[in-house]
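[1] What follows is a predicted protein model with its sequence.
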Amino acid sequence: MSKLQALEEKVQVMPSMLRSTIALLDHMLSLNEALFERELYDDSEREEISQALNAMRMRVEGYLATSIALETRINGIFKLVSNAMILRTQTTTADINHHALDLTKESVQDNSVLKLATLATLFYLPGSFVAGIFGMNYFDFGDGAKIEIASNFWIYLAVTIPLTILTGMAWWLAVRHQKHKAPGHHSGRSSSEWEKV
């Protein structure tokens, strides 16, 4: 791109230089006529110099036309390359945005799995905790094939069920508090809209 810009700068000065050269040749042609009128040289020398200057003028006019056409083409190529670079940048940006969206979706899915695992743990934790505390002495595996349940087994249920409900409510309140604290909560989107993202 920098080489193209350098070439464009060189070509842009060419038309003005060639126009100056044409003006100089025109001045030399008129000077040739003035010198002939003062009889400093004869007609054959005037004609020879005039033909040479006219030939140079025609060649420089051709160079001028070519430089103008070349300048137009270089400008077109420069715009084409610039547009191609902009398009490539936009494509790269779109790819990055697409990958970021995929990562966000995967993160949301991972978050959902973690919520499910946490919820399952919340329901099993109180029962496991209470069972560990009581040492499961409510069951008697006697010599017979029959399992005997102690008469005060209801204490295990009376402690485990409320503790499970209490743990679930604590989790629900913590999640609700975290949603209210999260950035973007007051941006006008509902929580279901954020979950869809």
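    Structure received.
[2] Pro126: neighbouring residues, count only.
    19 (other CB atoms under 10 Å). For every residue, glycine as well, the C-beta is placed using N, CA and C.
[3] and it, that one's in a strand?
    No - read with DSSP: H, G, I helix; E, B strand; the rest coil, Pro126 is helix and lies in no strand.
[4] I'd assumed Trp171 was in contact with it.
    No - the criterion here is CB atoms under 8 Å, and Pro126 misses it with Trp171 at 11.5 Å.
[5] what sits in contact with each of the two?
    Counting by CB atoms under 8 Å, 6 or more residues apart in numbering, Pro126 and Trp171 have no common neighbour.
[6] where does the protein have low pLDDT?
    The chain contains residues with pLDDT under 70 at 1, 109-110, 113, 130, 133-148, 182-197.
[7] could you pull out the strands for it?
    For the chain, the strands defined by DSSP state E occupy 139-141, 147-149.
[8] how about the spatially most central residue of the chain, what does it touch?
    With distances taken as CA atoms, centre = their mean, Thr93 lies nearest the centre of the chain, 2.3 Å away. Not one residue lies near Thr93 by CB under 8 Å, 6+ apart.
[9] I figured Gly127 hits Thr164, correct?
    Yes - between Gly127 and Thr164 there is a contact under CB under 8 Å: 6.8 Å.
[10] Leu29 and Ala52 touch, don't they?
    No - applying CB under 8 Å, one finds Leu29 not in contact with Ala52, separated by 10.1 Å.
[11] Compare neighbour counts for those two and give me the winner.
    Counted by other CB under 10 Å, Leu29 and Ala52 do not tie: Leu29 has more neighbours, with 16 against 12.
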